[in-house]
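Chemist: for reference, the sequence and a predicted model appear below.
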Amino acid sequence: MITAKLADDLNLGRVRLASGPSFVSPLGLVPKHDGGWRRIHDLSWPPGQGLNQGIPDSWSAIEYMTIDNIYEQVIQAGLGCVIIKRDIKDAFRIVPVAEDNQHLLAFQWNDSTYVECCLPFGLATALFLFNLFAEALHWILQCLLPAFYINHYLDDFIAIARSPSVFDPMSAFDKVYNRVTDYLRIPRNTKKDQQGTCVTVLGIQIDAIAMEARLPPEKLCRATLDAAAALNAASLSLKQTERLTGLLAFCSRVVRLGRTRLQSLYTFQAAFPHGSSARRRMPYEVRDDLEWWRDSLSLFNGVLLIDPCRRTITHLYTDASSTGQGLFFFSSKSTLDCWLAHCHQLHPSNAATLALAQDAHAHINTNEVDAILQGFLLFSHHWLHHTLVIHTDSSTAHTGLKKGFLHSPPNAPLKSLLILAAARDIHIVPHWLPSGENKLADALSRNNLEDIANICPHWQDLSVLNHPRGSLHELLSSIQAT
């Protein structure tokens, strides 16, 4: 296989026989996504003495575009915008290496020594150097095609028509793109061309009609099968765990609740000794999350780029103390509203004080997150399709709501409330506030009737505040029944 690839490179002038003393490094083969193989030059061998070790890290630093940039442009371009994706063939291998440096990129094969004449796979600075070339092409295209947003990620070029008024955007783009690449003798990989209102970019399928980003079918299938394979295994190695966690972490970018269902895998992975070759049995939490990825992934695949709902805005305030939990909610016209401005309108039936069991020994952080969960268990039937601003003085709860996961015990109630939010189509907006500004929720958490009456003197019957703790299982069963 290497002999055949070497013959092709010799014919294309990308490799030549060495003409003098050279720095020789070994060759290798790595699998490609399409099932083929790529020849690489291991320029990091021998460890600590390879060519790459002589290149400062700063020389290879590069900042890539992100999928979020594409999302923003699709939103700006509007519903039904046309997305065009084009690919440069052979990427690194079309960028020449200066003759003075070619002797550093030598390898031996079949008793002959060769040097690379173009950027090889395996060179630390190859990505950076190729990207300089791609940046130049990007700039040329943007100057010639002002009616398009132009993006590139190494050899992938993505164009988005800025306006639906652009006539036949695919022909307009290709006319310029083909002329420029022909003039610069840049080979095009037409097998990877995509265009239309639904295109896969950086592994994410973007649908400009549904205004949704989701996993393409092949990645959805791969994630489901890999989760199933892990569940069928008696144990996992560190390498298997890292590969599976990496895949599911990528998927979680467009899978609702995905991040919430990753924390157990991160914890499991971190428990392996560094460089360990041992295998570990999966605990219940890991198996439970992998079962979710296997069975429910397709149900939660996709995030909306534009929210189609005109959502009612609701504010939920919660707090926890050593003896109980308190919470209340109200609706308003702004996500910036404060409870004090609505104090005289608050109704006791929209508030709760919940006693903790005498034998409860959960950490305050867990109780703070659980207080929010209790709000969902008791009142989320009022919040269908709402934007819910959750006010908490707990930095742990605030962080969990923003990230979608927490470490250790607080992650359990967080996972439950996020499941309920997804089931009720509740859009969560987390907001942290100082404890001194959370007086009513604090009084409710302590069942301090005197303070409650002083804050809300119009509340005559405070007995309605006492609620039994909600049941997640019962609520989810009732939601599924409807």
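Modeler: Arrived safely, thanks for sending.

Chemist: what's the biggest helix by length in the chain in contact with?
Modeler: Counting by DSSP state H, the longest helix found in the chain is helix 126-144. The contact list for helix 126-144 (Cβ atoms under 8 Å, 6 or more residues apart in numbering) reads 59-62, 88, 91-92, 95, 119-120, 148, 150-152, 154-155, 157, 159, 176-177, 180-181, 184, 186. No exception for glycine: its C-beta is placed from N, CA and C like everyone else's.

Chemist: low-confidence ranges in the stretch 251-400 of the chain?
Modeler: Under the criterion pLDDT under 70, the flagged ranges of the stretch 251-400 of the chain are 358-360.

Chemist: change it to 80
Modeler: 275-276, 308-309, 357-361 (pLDDT under 80).

Chemist: which residues in it form helices?
Modeler: 263-270, 284-300, 364-379, 395-403 (DSSP state H, counting those that start in this stretch).

Chemist: can you give me the buried ones in the last one?
Modeler: When burial is assessed from 16 or more other Cβ atoms under 10 Å, helix 395-403 yields the following buried residues: 396-401.

Chemist: which one of those is nearest to Pro169?
Modeler: Closest to Pro169 out of the buried residues of helix 395-403 is Leu401 (40.0 Å), distances taken as Cβ to Cβ.

Chemist: what does the pLDDT read for the closest one?
Modeler: At Leu401, the predicted lDDT confidence score is 95.

Chemist: next: the one 5 residues further on.
Modeler: Note for Leu406: predicted pLDDT of 88.

Chemist: near it, how many other residues are there?
Modeler: 22 (other Cβ atoms under 10 Å).

Chemist: what about it, which SS state?
Modeler: Of the three states, Leu406 takes coil according to DSSP: H, G, I helix; E, B strand; the rest coil.

Chemist: all strands of the stretch 301-450 of the chain, in order?
Modeler: 303-304, 313-320, 324-332, 351-355, 387-392, 427-432 (DSSP state E, counting those that start in this stretch).

Chemist: now swap in the stretch 1-150 of the chain and tell me
Modeler: Counting by DSSP E, counting those that start in this stretch, the stretch 1-150 of the chain has strands at residues 15-17, 27-31, 37-41, 83-87, 106-109, 112-116, 148-153.

Chemist: need those in a markdown table with distance to Asn466, mean neighbour count and mean pLDDT, can you?
Modeler: A markdown table is the format used below for the strands of the stretch 1-150 of the chain (distance: least, Cβ to Cβ, whole Å; neighbours: other Cβ atoms under 10 Å; pLDDT from 0 to 100):
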| stretch | distance to Asn466 | mean neighbour count | mean pLDDT |
| --- | --- | --- | --- |
| strand 15-17 | 80 | 16 | 97 |
| strand 27-31 | 63 | 13 | 87 |
| strand 37-41 | 67 | 16 | 87 |
| strand 83-87 | 55 | 22 | 98 |
| strand 106-109 | 78 | 18 | 96 |
| strand 112-116 | 77 | 20 | 97 |
| strand 148-153 | 57 | 21 | 98 |
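
Chemist: between those strands, which one is closest to Gln73.
Modeler: strand 148-153 (4.4 Å).

Chemist: give me the distance from the closest one to the chain's centre.
Modeler: Distance of strand 148-153 from its chain centroid, counting by Cα atoms, centre = their mean, to the nearest Å, is 21 Å.

Chemist: stretch 443-458 now?
Modeler: Here the centre of stretch 443-458 is set off from its chain's centre by 42 Å, with Cα atoms, centre = their mean.

Chemist: list the buried residues of it.
Modeler: By 16+ other Cβ under 10 Å, the buried positions in stretch 443-458 come out as 443-448, 452, 455-456.

Chemist: just the C-alphas of the longest helix of the chain, formatted as PDB.
Modeler: In PDB, the C-alpha atoms belonging to helix 126-144 read as follows (Å, rounded to 0.1, in the frame of the first residue of the first chain):
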ATOM      1  CA  ALA A 126       1.500  21.500   8.500                       C
ATOM      2  CA  LEU A 127      -2.000  22.600   9.700                       C
ATOM      3  CA  PHE A 128      -0.700  26.200  10.300                       C
ATOM      4  CA  LEU A 129       1.100  26.500   7.000                       C
ATOM      5  CA  PHE A 130      -1.800  25.000   5.000                       C
ATOM      6  CA  ASN A 131      -4.200  27.300   6.800                       C
ATOM      7  CA  LEU A 132      -2.200  30.400   5.600                       C
ATOM      8  CA  PHE A 133      -2.900  29.100   2.000                       C
ATOM      9  CA  ALA A 134      -6.600  28.500   2.800                       C
ATOM     10  CA  GLU A 135      -6.900  32.000   4.400                       C
ATOM     11  CA  ALA A 136      -5.600  33.500   1.100                       C
ATOM     12  CA  LEU A 137      -8.200  31.600  -0.900                       C
ATOM     13  CA  HIS A 138     -10.900  32.600   1.600                       C
ATOM     14  CA  TRP A 139     -10.000  36.300   1.200                       C
ATOM     15  CA  ILE A 140     -10.000  36.100  -2.600                       C
ATOM     16  CA  LEU A 141     -13.500  34.400  -2.600                       C
ATOM     17  CA  GLN A 142     -14.900  36.900  -0.100                       C
ATOM     18  CA  CYS A 143     -13.700  39.800  -2.300                       C
ATOM     19  CA  LEU A 144     -15.300  38.300  -5.400                       C
END
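
Chemist: centroid residue for the chain?
Modeler: Arg253 (2.7 Å; Cα atoms, centre = their mean).

Chemist: and it, how far from Ala227?
Modeler: Distance of Arg253 to Ala227, computed by Cβ to Cβ, to the nearest Å: 17 Å.

Chemist: Asn454 too?
Modeler: In this view, Asn454 and Ala227 are 54 Å apart by Cβ to Cβ.

Chemist: please apply the same query to Asp370.
Modeler: Using Cβ to Cβ, Asp370 is found at 28 Å from Ala227.

Chemist: picking up where we left off before, please pick the buried ones from the contacts of helix 126-144.
Modeler: For the contacts of helix 126-144, a neighbour count by 16+ other Cβ under 10 Å gives the buried set as 88, 91-92, 119-120, 148, 150-152, 154-155, 157, 159, 177, 181, 186.

Chemist: if you look at those residues, which of them are in helices?
Modeler: 177, 181.

Chemist: between the buried ones among the contacts of helix 126-144, which is closest to Ala208?
Modeler: Ala159 (12.9 Å).
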